[in-house]
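Engineer: Predicted model and sequence follow; I will ask about them next.
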There are 8 protein chains.
Amino acid sequence: PAAPSALTQPAVGIIMGSDSDLPTMRGAIAICQQFGIAHEVEIVSAHRTPVRMVEYAQTAHQRSLKVIIAGAGGAAHLPGMVAALTPLPVIGVPVQTRTLQGVDSLYSIVQMPAGIPVATVAIGNATNAGLLAVQMLASHNPELLQAVQTYRQELAQMVQDKQTRLSA
Amino acid sequence: PAAPSALTQPAVGIIMGSDSDLPTMRGAIAICQQFGIAHEVEIVSAHRTPVRMVEYAQTAHQRSLKVIIAGAGGAAHLPGMVAALTPLPVIGVPVQTRTLQGVDSLYSIVQMPAGIPVATVAIGNATNAGLLAVQMLASHNPELLQAVQTYRQELAQMVQDKQTRLSA
Amino acid sequence: PAAPSALTQPAVGIIMGSDSDLPTMRGAIAICQQFGIAHEVEIVSAHRTPVRMVEYAQTAHQRSLKVIIAGAGGAAHLPGMVAALTPLPVIGVPVQTRTLQGVDSLYSIVQMPAGIPVATVAIGNATNAGLLAVQMLASHNPELLQAVQTYRQELAQMVQDKQTRLSA
Amino acid sequence: PAAPSALTQPAVGIIMGSDSDLPTMRGAIAICQQFGIAHEVEIVSAHRTPVRMVEYAQTAHQRSLKVIIAGAGGAAHLPGMVAALTPLPVIGVPVQTRTLQGVDSLYSIVQMPAGIPVATVAIGNATNAGLLAVQMLASHNPELLQAVQTYRQELAQMVQDKQTRLSA
Amino acid sequence: PAAPSALTQPAVGIIMGSDSDLPTMRGAIAICQQFGIAHEVEIVSAHRTPVRMVEYAQTAHQRSLKVIIAGAGGAAHLPGMVAALTPLPVIGVPVQTRTLQGVDSLYSIVQMPAGIPVATVAIGNATNAGLLAVQMLASHNPELLQAVQTYRQELAQMVQDKQTRLSA
Amino acid sequence: PAAPSALTQPAVGIIMGSDSDLPTMRGAIAICQQFGIAHEVEIVSAHRTPVRMVEYAQTAHQRSLKVIIAGAGGAAHLPGMVAALTPLPVIGVPVQTRTLQGVDSLYSIVQMPAGIPVATVAIGNATNAGLLAVQMLASHNPELLQAVQTYRQELAQMVQDKQTRLSA
Amino acid sequence: PAAPSALTQPAVGIIMGSDSDLPTMRGAIAICQQFGIAHEVEIVSAHRTPVRMVEYAQTAHQRSLKVIIAGAGGAAHLPGMVAALTPLPVIGVPVQTRTLQGVDSLYSIVQMPAGIPVATVAIGNATNAGLLAVQMLASHNPELLQAVQTYRQELAQMVQDKQTRLSA
Amino acid sequence: PAAPSALTQPAVGIIMGSDSDLPTMRGAIAICQQFGIAHEVEIVSAHRTPVRMVEYAQTAHQRSLKVIIAGAGGAAHLPGMVAALTPLPVIGVPVQTRTLQGVDSLYSIVQMPAGIPVATVAIGNATNAGLLAVQMLASHNPELLQAVQTYRQELAQMVQDKQTRLSA
């Protein structure tokens, strides 16, 4: 859908522990671009740059951010640690791993203790993390809510087109 | 924390497939009450009342709701199906099961296909679903954002008090 | 085996959420063709075309269908949701996934709550879904029951032939 | 629902490997009774009475049976072996186990090779096995199909009643 | 090691459900050849040739066989069913599968109920099944027992040789 | 069955890492007693008495033993280490654990590398370990082989008796 | 064993996220007391007191600590985050959880990325965490190394005593 | 970092069961080289050379070794058995396997009973095993502790450089 509103300050922060996570995280970036949401992309590692992570998380809500998307794999601590340091909602993307296929990432992200939630999406599904961020913003933005509806109609139309080709 | 704002129209819809899920879901209700968020609680079953579920989900954004929390166990389809029918963000709570301990619920809720995200929290952790809903609202409400910060400070203080007792 | 009866109205509905599931689902189509069972093939997505899914499922028994085969992967809601909306028996095919290899699909399909069963087959085994549909029809059709017996004898003969080659 | 038809010859065979499986399998018996389906209940062990199992399975379709429900736990071979010996559809019930909670039963039943399907239901859910058998019969019996619809409406009403009590 | 005794009647029966299991099962054949144990190799399918399987298993101890090695994958019923039909010890080889990697095979083979054991080896490790059969025979054959010892010394020597190359 | 032969020298060694494993391992002892097999029972820990374990395993075949049954839980190294040190066949019993329910025990015992097999039985099923030992001895002892057959007939009769009571 | 050396400054830091982890972590405390190792015990939560955790970890090596033991459950981030902030070796204790039995804790602790190791022990086994800390200190302390040897001899003696009682 | 100290006697023993584990274990060797730690590399198999393993482990602390790194896959007994035979700390590296991807290795290594710990690192992560060994030595060596700090700063710088490139 065409961008319903041009947010000029980054509303979504997209972070990941390593540039090796970037291929996975591009799905979230693409959704922000598609919906015209201003966003920032940063490499922030919970384990290799813990102090920088603390600073990033603690100041996020004082800047323009409304939601943070964090991707990590293995003992994936980035989403949960950022969530512990910001009052903003944090979306976690479990990155697929070679040995345990992302089950380790999923458990490390989703099984947060009471008090500090992380909104977890499917393993490797950064597209859905982007859409979830858009929907959070859309709850308070009728124009964006309409764009989500349009996006859904386009998904339905794609299924319909496949059906048409199948029947042909 | 004291309620930062008294929302008079339900902003959060809390739904579950059966009243057997109610003990789990009370955590979400308690958080809404604690933060003074108007909410509604409904039994809506994806499998036993599918038509009612469709109606509930399709009209949610036309009413006052900003976010939906859905709890379900086993082949847990409620969160994902509601997410497919509303542009609002949907938070899924995997309810613990007797045989597979909730791994079935978790996989059924979190592994959504691209296009339709569900914000999944830990197995059985409806408290965090409530907090996530509050944080989504707080992104656009400075008073509520401050209440989240206060809640976090209280969590930290509880840890500090335990430490004090331990050292005594 | 040669077709034992030429059913002219579709008796088996074969549905899937995406054309990416088609390579898996061809096994079911092939069995229907092999046994001469009239069938229909449709792309129906629980998440992308939920309203169309409801219509498809609610009207299935009013048309000529006797059984529905539904394939889906990941948070695989299609078989269970269709089962919730039709009195016909529904066979679920868990489609293999890249990250969790179809365990997510299997749990999402098989772990249905009391009241709404889905007849689940092995991960990726749409051939068996087709055979199960044939067997359901054959229970009430002696000619078709004989065809199933013949099919079984052919399976046994294939094993015997392999044994002969091995011993040669 | 009231029994829609009084079948006088057993149409459903309910078998299990041990009387220790009987508490689980009662769910299937109860459904047959509720829908007025004549049925038989037998202890047939794949491992302790293999010859008797072969006889039971090979003759099932020559008697009045239309479908077989088989429950087993652990290395659960009964459903698959019976399926290999009868052209009738076989429904498998994975019985919960103490050590692996029924995952072993589930895998042993559902992962059948191409050629010999078993219609698998949720771990421990013999109620759904009974319902699936009823639905297979109902496909060819309008009266029974209506009874299934009535059963579904009663399920929906139970949810509605719970909602009413919750709102009270 | 050189063959310690030339058994002229097959002492070990090596069976599998399909010739697709043959690449896995060659490990057992090779060990029998290496130790000079007369053996037979058969394709016997629990699901596709159940009657032939019953005959094979029931007569095994009346022929010259002392132990049976059975390989199978997925819902792997062959080892357990043969074990139920023979008083001879049965060794089960879980064949690796594409979707669940052999965990389904392992659980289907190892989790046998009290009364009917299957001696299970590692997933895909037919070499060890062969060695286990040799060791069972060697318990009653000093010459063969010495051959097992020699085989072990050769294994140790191979490790020592690798160490020597590493240090070079 | 009555003891078919009174072996006066221990033919079966039953060992375990701790007396906490004794309740599990009693099943193997009972079978030896039932079949009149002389046996010895020892506490031998791979981790707490490694030197004693080496001695026990290295000398086993020089004494009267024909087979060793070893039970262990968690990182269960006893069966595999004993197998590495004796040419006799070793049967491993995975003892159920509190945290991982015995999956850790099972994997630690069954997944042995090529060269050193362990004949693994179901989690916690020492009865089957005892029976497997009896069957290994019975391969070379017609009287004992007949006793195994009798034992099987008694198992079948028990199922038949249950069926009779069920039908009553 | 009697304390081999009275360290007067805490050499081992034992931390945990909540006092609910204290019953598990007492095993580590007991070992330190048994070996006469000065130690400190603190409640430090990665998620509820992240800033305090950073301070604790960053200053640990500047105080007298030589090794840190950290216990946590679920999405267990404490051991890995502390490891990221100190050059000292960190031992992680996965605390058993109610839903996933500690598999989530184990994966969250052990699957650390290259660069930041955590020395992980068995689920719930803080005794071993304490022993591992003692052994790290003992590598550089002959008196303590002897105490570890004595402890091992006592373990062996306990097994021997059990064997004696069993044989009596 | 430049080597902080040139230890001339091997302080770290790096062992593995087979040269097929060498590609995995090179990560540990590289870290020792990078930090200038004298080390030895040996092929020692728990199952193929058990006697040699006992000797290696029993004498390790009498030579110059301060810590042992042991890598193994499948039923991975090497780390635990060596730990049972030495008072030195033992680090276990679960080597990835083809069938179970290293979950078997992980469980076999980490789930040690009380009394005999193994410091387990992530599946296949021998780099971290090397770093953990360095950190154990660094606890008692200020120069080496500083080298660890420098190594960490270099990790952080690498992340910073990636961020810079990303922003460019």
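Structural biologist: That came through, no problem. On a predicted model such as this, the values are computed, not experimentally measured, just so you know.
Engineer: ok, now which ones touch A:Asp19?
Structural biologist: A:43, H:162, H:165-166 (Cβ atoms under 8 Å, 6 or more residues apart in numbering or on different chains). Where you see a C-beta, it was placed from the backbone N, CA and C, and this is true even at glycine.
Engineer: In a helix, A:Ser64, correct?
Structural biologist: No. A:Ser64: not assigned to a helix; according to DSSP: H, G, I helix; E, B strand; the rest coil it is coil.
Engineer: Please, where are all the strands along chain A?
Structural biologist: A:12-16, A:39-43, A:67-73, A:90-95, A:119-120 (DSSP state E).
Engineer: among these, which is the most enclosed?
Structural biologist: strand A:119-120 (a mean of 32; mean count of other Cβ atoms under 10 Å in any protein chain shown).
Engineer: hmm, that strand touching chain B?
Structural biologist: Yes. Part of strand A:119-120 sits near chain B under the criterion Cβ under 8 Å from any Cβ of the partner chain, namely A:119-120.
Engineer: low-confidence ranges in chain A?
Structural biologist: A:1-7 (pLDDT under 70).
Engineer: Pick out the residue in it sitting closest to chain D.
Structural biologist: In chain A, the residue that lies nearest chain D is A:Val103 (14.8 Å; Cβ to the nearest Cβ).
Engineer: rewinding a little: among the strands of chain A, which comes closest to H:Ala75?
Structural biologist: strand A:67-73 (27.2 Å; Cβ to Cβ).
Engineer: longest helix anywhere in chain A?
Structural biologist: Longest helix in chain A by number of residues (criterion: DSSP state H): helix A:142-167.
Engineer: does any part of that one sit near chain B?
Structural biologist: Yes. Helix A:142-167 lies within reach of chain B by Cβ under 8 Å from any Cβ, at A:145, A:148-149, A:151-152, A:155.
Engineer: Please apply the same query to stretch A:105-118.
Structural biologist: Yes. Contact of stretch A:105-118 with chain B is found when judged by Cβ under 8 Å from any Cβ, involving A:106, A:110-118.
Engineer: quick check, nearest of these to chain E?
Structural biologist: The nearest one, if we look at the residues of stretch A:105-118 next to chain B relative to chain E and count by Cβ to the nearest Cβ, is A:Leu106, at 18.0 Å.
Engineer: That closest one: what's its closest spatial neighbour, skipping adjacent residues?
Structural biologist: Closest residue to A:Leu106 apart from its sequence neighbours, by Cβ to Cβ, 6 or more residues apart in numbering or on different chains: A:Pro94 at 4.2 Å.
Engineer: now stretch A:80-99, how far from the chain's geometric center?
Structural biologist: Mean-position distance between stretch A:80-99 and its chain equals 9 Å (Cα atoms, centre = their mean, to the nearest Å).
Engineer: Next, the buried residues of it.
Structural biologist: In terms of neighbour count (16 or more other Cβ atoms under 10 Å in any protein chain shown), stretch A:80-99 has its buried residues at A:80-97, A:99.
Engineer: same thing with stretch A:128-145?
Structural biologist: A:128-139, A:141, A:144-145.
Engineer: Equivalent analysis for stretch A:40-53, please.
Structural biologist: A:40-50, A:52-53.
Engineer: Likewise for stretch A:61-68?
Structural biologist: Those buried within stretch A:61-68 under the rule 16+ other Cβ under 10 Å are A:61, A:65-68.
Engineer: Just the C-alphas of that stretch, formatted as PDB.
Structural biologist: Output in PDB follows, covering the C-alpha atoms of stretch A:61-68 (Å, rounded to 0.1, in the frame of the first residue of the first chain):
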ATOM      1  CA  HIS A  61      11.600   6.200  24.700                       C
ATOM      2  CA  GLN A  62      13.100   9.700  25.200                       C
ATOM      3  CA  ARG A  63      13.800   9.800  21.500                       C
ATOM      4  CA  SER A  64      11.000   9.400  19.000                       C
ATOM      5  CA  LEU A  65      10.800   5.600  19.100                       C
ATOM      6  CA  LYS A  66       7.400   4.000  19.900                       C
ATOM      7  CA  VAL A  67       8.500   0.300  19.500                       C
ATOM      8  CA  ILE A  68      11.700  -1.700  19.200                       C
END
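Engineer: Determine if any part of it is in contact with chain G.
Structural biologist: No. Stretch A:61-68 stays clear of chain G (Cβ under 8 Å from any Cβ), getting no nearer than 14.9 Å.
Engineer: and that stretch, is it in reach of chain B?
Structural biologist: Yes. For stretch A:61-68, a contact with chain B is found by Cβ under 8 Å from any Cβ, at A:61, A:66-67.
Engineer: Out of those, which is nearest to chain F?
Structural biologist: Among the residues of stretch A:61-68 next to chain B, and counting by Cβ to the nearest Cβ, the member closest to chain F is A:Val67, at 36.3 Å.
Engineer: A:Ala11 is in contact with that closest one, correct?
Structural biologist: Yes. Using Cβ atoms under 8 Å, A:Val67 is in contact with A:Ala11, at 7.2 Å.
Engineer: Overlap in contacts, these two.
Structural biologist: Contact criterion Cβ under 8 Å, 6+ apart; residues shared by A:Val67 and A:Ala11: A:Leu137.
Engineer: and A:Ile15, what are its bridge partners?
Structural biologist: A:Glu42, A:Ala70 (DSSP bridges).
Engineer: Distance of it relative to A:His39?
Structural biologist: 11 Å (Cβ to Cβ, to the nearest Å).
Engineer: Could you do A:Val54 as well?
Structural biologist: 21 Å.
Engineer: one step back: of the strands of chain A, which approaches B:Ala122 most closely?
Structural biologist: Nearest of the strands of chain A (Cβ to Cβ): strand A:119-120, 8.6 Å.
Engineer: what's that closest one packed up against?
Structural biologist: Helices and strands touching strand A:119-120, by 3 or more Cβ pairs under 8 Å, 6 or more residues apart in numbering or on different chains; DSSP states H and E, are strand A:90-95, helix A:103-110, strand B:119-120.
Engineer: Contacts for the shortest one, please.
Structural biologist: Contacts of strand B:119-120 with the rest of the structure, by Cβ under 8 Å, 6+ apart, involve A:91, A:110, A:119-121, A:132, B:79, B:89-92, B:94, B:106, B:109-110, B:132.
Engineer: Which residues of chain A lie near chain C?
Structural biologist: So far as Cβ under 8 Å from any Cβ goes, chain A lies against chain C at A:96, A:101-103, A:122-124, A:152, A:155-156, A:158-160, A:162-163, A:165-166.
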